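Engineer: Predicted model, plus sequence, below.
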Amino acid sequence: MKLESPPITEADSLERQPQRAILFKDATKAWLLVCGLFAAFSLGLFVYFGLHYADETQREVRLLPDLRYDNRVDFGYFYAGAYMTYHGQAADLYPHKGEWTYYPGDLIFLEPHSEAELARLLARGNYYNPPALALLEAPLVSLGFKNAFWLFSLLAVGALAGFLTLAWRAGAGIPELPMLALGVLAFSPVHEALIMGHLTLFFVFVLAAGFLLLRAERRVLAGLTLSLLALKPQWAILPGLFLLVRGEWRALATMVGTAAAIFFLPFVYTGFDTFKNYYEFLRWSGTIDLKEAPHMFSWNGFLSKLDGSEIQNGQLVLFADAPSKTLVYGLIALTAVPLLVVWRCKDYLLGVAATLVEMLLISTHSVWYDWAILAVAALFLVLRSRDASRSYRVEMWVVLLALFMATAQSISEVLAPDRHAIDWHRAAFFTATPVAFAALVWMASVPLRERGFGFLWRSSENMRLGEEAALAAQH
């Protein structure tokens, strides 16, 4: 005999509706409870890390001006380059091909030297920026090192405050914005940029301002702002390609033209030989970074840190287990795949975030404090959440929290056992690198899940209409 369920009558259906409403209400309460607990956990985490890093930062920043010349971390390089430029030696910023150079901690710094000799020893072989930056920072020399450092630090804090102001204005009305601001203030690379006296926080402001201006369709001003990336040319490449892919011709032309002037005109002052030395120095340092980069979270640094360096009879054997170039370039190519997917979907906010994460992963000179740039990527992901689905918002915060924790872990590995006695050659695992790649893959998955695979081969006209609709939804 065939068994069949009795038919559901209208009366039965009406009786079950209150039960469904109760179940839905209970599920909603449970979901709100889970989200509330997650928010409370994140808040507690940000407060704990924020207080910890703030205390460490104030201690280190107060100590830095009184350290020996060769232990003044990255601001020492900037000051040395500015010192040489201030005294008319900008043409000698970079070593000649094959010239022996010195690194902080070398015994030569224990010998008595004049300020000019120390600046030359420190700058040549350690100053990676173009002469334009040295010319901009040269007036700081008139203040002396200590006052120059305090002024630079104050300006860096101002750049961070400027970024947070831009984020607050752009994200007005987004409930998670205070959580983002707190997370940025507690973000380890932000504090490291202050401690190291580096330019990263200025680039954070420039990237945020430039892409927000472009979103507001102020293309010329956006191009002018992004052209300042020429002060560290490796950061200008992918943003320029992003403008090219999107067909932002006015912004791109403005950026390229102004960046070229910023980069090349100072070489007219220093002479062509300086440009040649700079080019050869960057080629040489790029080769070294592919072999040994224990202070970088890009793919080359991740791989080289896995094994560390080998020490035999008390002597360091450099590049004993240098990662394969084929493997490094293969990972760089693999990383480009999710970025191309995001670029193809024409989602502006998602595209900016993916571009910045990609930039950090594939640059062969992506140092730990450079990863403060992730704050800009986080901002654009949060901006996209304004009208996004619940699932996107949940996934986004899980990804951002994973990046926050992975970066903190990786920086602690870099600075082990102590930031004043770092063992550069010990093996370690940087979780920041694979987590950043996973975040990039997640970004590529978002449009694929929201729209399907059709946009990958859709016609340009349909893509344009879809882009206009997406932009309208984001404003």
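Structural biologist: Received it, and whenever you're ready, just let me know what you need.

Engineer: what's the neighbour count on residue 66?
Structural biologist: Per other C-beta atoms under 10 Å, the neighbour tally for residue 66 reads 9. The C-beta positions use only the backbone N, C-alpha and C, and glycine is treated the same way.

Engineer: what secondary structure does the closest residue in space to it that isn't next to it in sequence sit in?
Structural biologist: What sits nearest to residue 66 in space, not counting adjacent residues and going by C-beta to C-beta, 6 or more residues apart in numbering, is residue 146, at 7.9 Å. On the three-state scheme (DSSP: H, G, I helix; E, B strand; the rest coil), residue 146 is labelled helix.

Engineer: Next: the one 4 residues further on.
Structural biologist: Three-state assignment for residue 150 (three-state DSSP): helix.

Engineer: show me the residues around it that make contact.
Structural biologist: Residue 150 makes contacts with residue 65, as judged by C-beta atoms under 8 Å, 6 or more residues apart in numbering.

Engineer: quick one on the thing from earlier: so the residue nearest to residue 66 sits against residue 63, correct?
Structural biologist: No: if you go by C-beta atoms under 8 Å, residue 146 and residue 63 don't touch, sitting 11.7 Å apart.

Engineer: any shared contact partners between these two?
Structural biologist: Contacts common to residue 146 and residue 63, judged by C-beta under 8 Å, 6+ apart, are absent.

Engineer: where along the stretch 301-450 of the chain do the strands fall?
Structural biologist: Listed in chain order, the strands of the stretch 301-450 of the chain (DSSP state E, counting those that start in this stretch) span residues 310-312, 315-317.

Engineer: show me what contacts the most centrally placed residue in the chain?
Structural biologist: Against the mean C-alpha coordinate of the chain, by C-alpha atoms, centre = their mean, the closest residue is residue 373 at 2.7 Å. Residue 373 makes contact with 200, 203, 204, 207, 235, 356, 359, 360 under the criterion C-beta under 8 Å, 6+ apart.

Engineer: in what helix or strand does the fourth one lie?
Structural biologist: Using DSSP states H and E, residue 207 sits within helix 200-215.

Engineer: who does that helix touch, helix- and strand-wise?
Structural biologist: With contacts taken as 3 or more C-beta pairs under 8 Å, 6 or more residues apart in numbering; DSSP states H and E, helix 200-215 sits against helix 145-170, helix 188-196, helix 219-226, helix 237-246, helix 348-362, helix 374-384.

Engineer: Mind putting these into a markdown table with distance to residue 301 and mean pLDDT?
Structural biologist: Shown next, in a markdown table, are the helices and strands packed on helix 200-215 (distance: least, C-beta to C-beta, whole Å; pLDDT from 0 to 100):
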| stretch | distance to residue 301 | mean pLDDT |
| --- | --- | --- |
| helix 145-170 | 24 | 95 |
| helix 188-196 | 14 | 95 |
| helix 219-226 | 26 | 97 |
| helix 237-246 | 18 | 96 |
| helix 348-362 | 10 | 96 |
| helix 374-384 | 16 | 97 |
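
Engineer: quick one, which of those is nearest to residue 255?
Structural biologist: Comparing these against residue 255 with C-beta to C-beta, the closest turns out to be helix 219-226 (3.9 Å).

Engineer: what angle do that closest one and helix 200-215 make?
Structural biologist: Here the directions of helix 219-226 and helix 200-215 differ by 170 degrees (axes from the mean of the first three to the mean of the last three C-alpha atoms, to 10 degrees).

Engineer: now residue 54: how far from residue 444?
Structural biologist: Separation of residue 54 from residue 444 (C-beta to C-beta, to the nearest Å) stands at 35 Å.

Engineer: can you list the weak-confidence ranges in the protein?
Structural biologist: Applying pLDDT under 70 to the chain picks out residues 1-29, 31, 68-70, 309-321, 455, 458-475.

Engineer: domains of it?
Structural biologist: Listed by automatic domain parsing, the domain ranges of the chain are 68-143, 144-474.

Engineer: want to try JSON lines for the ones you listed, with distance to residue 40 as columns?
Structural biologist: Shown next, in JSON lines, are the domains of the chain (distance: least, C-beta to C-beta, whole Å):
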{"stretch": "domain 68-143", "distance to residue 40": "36"}
{"stretch": "domain 144-474", "distance to residue 40": "11"}
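
Engineer: Any idea which of those domains gets closest to residue 50?
Structural biologist: Nearest to residue 50 among those is domain 144-474; the distance by C-beta to C-beta comes to 3.4 Å.

Engineer: circling back: out of the domains of the chain, which comes closest to residue 46?
Structural biologist: Ranking these by proximity to residue 46 (C-beta to C-beta) places domain 144-474 first, at 4.3 Å.

Engineer: circling back: residue 34 is nearest to which of the domains of the chain?
Structural biologist: Nearest of those (C-beta to C-beta): domain 144-474, 9.2 Å.

Engineer: gap between that closest one and the chain center?
Structural biologist: 3 Å (C-alpha atoms, centre = their mean, to the nearest Å).

Engineer: which stretch among the domains of the chain comes nearest residue 43?
Structural biologist: Here domain 144-474 is closest among the domains of the chain (C-beta to C-beta), at 7.0 Å.

Engineer: picking that back up, can I get the helices and strands packed on helix 200-215 in a markdown table including distance to residue 255?
Structural biologist: Formatted as a markdown table, these follow (distance: least, C-beta to C-beta, whole Å):
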| stretch | distance to residue 255 |
| --- | --- |
| helix 145-170 | 19 |
| helix 188-196 | 24 |
| helix 219-226 | 4 |
| helix 237-246 | 6 |
| helix 348-362 | 14 |
| helix 374-384 | 17 |
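
Engineer: Residue 260 is nearest to which of those helices?
Structural biologist: Closest to residue 260 of the helices and strands packed on helix 200-215 is helix 237-246 (C-beta to C-beta; 11.1 Å).

Engineer: hmm, who's touching the helix or strand following that closest one?
Structural biologist: Next helix or strand after helix 237-246 toward the C-terminus (DSSP H and E): helix 249-270. With contacts defined as C-beta under 8 Å, 6+ apart, helix 249-270 is touched by 90-91, 93, 130-132, 135, 214, 219-220, 222-224, 226-231, 233, 236, 239-240, 243-244, 274-275, 278.

Engineer: and if we set it to 6 Å?
Structural biologist: 90-91, 130-132, 135, 214, 219-220, 222-224, 226-227, 230, 236, 243-244, 274-275 (C-beta atoms under 6 Å, 6 or more residues apart in numbering).

Engineer: Could you pick out the buried ones from these?
Structural biologist: 90-91, 130-132, 135, 214, 219, 222-224, 226-227, 230, 236, 243, 274-275 (16 or more other C-beta atoms under 10 Å).
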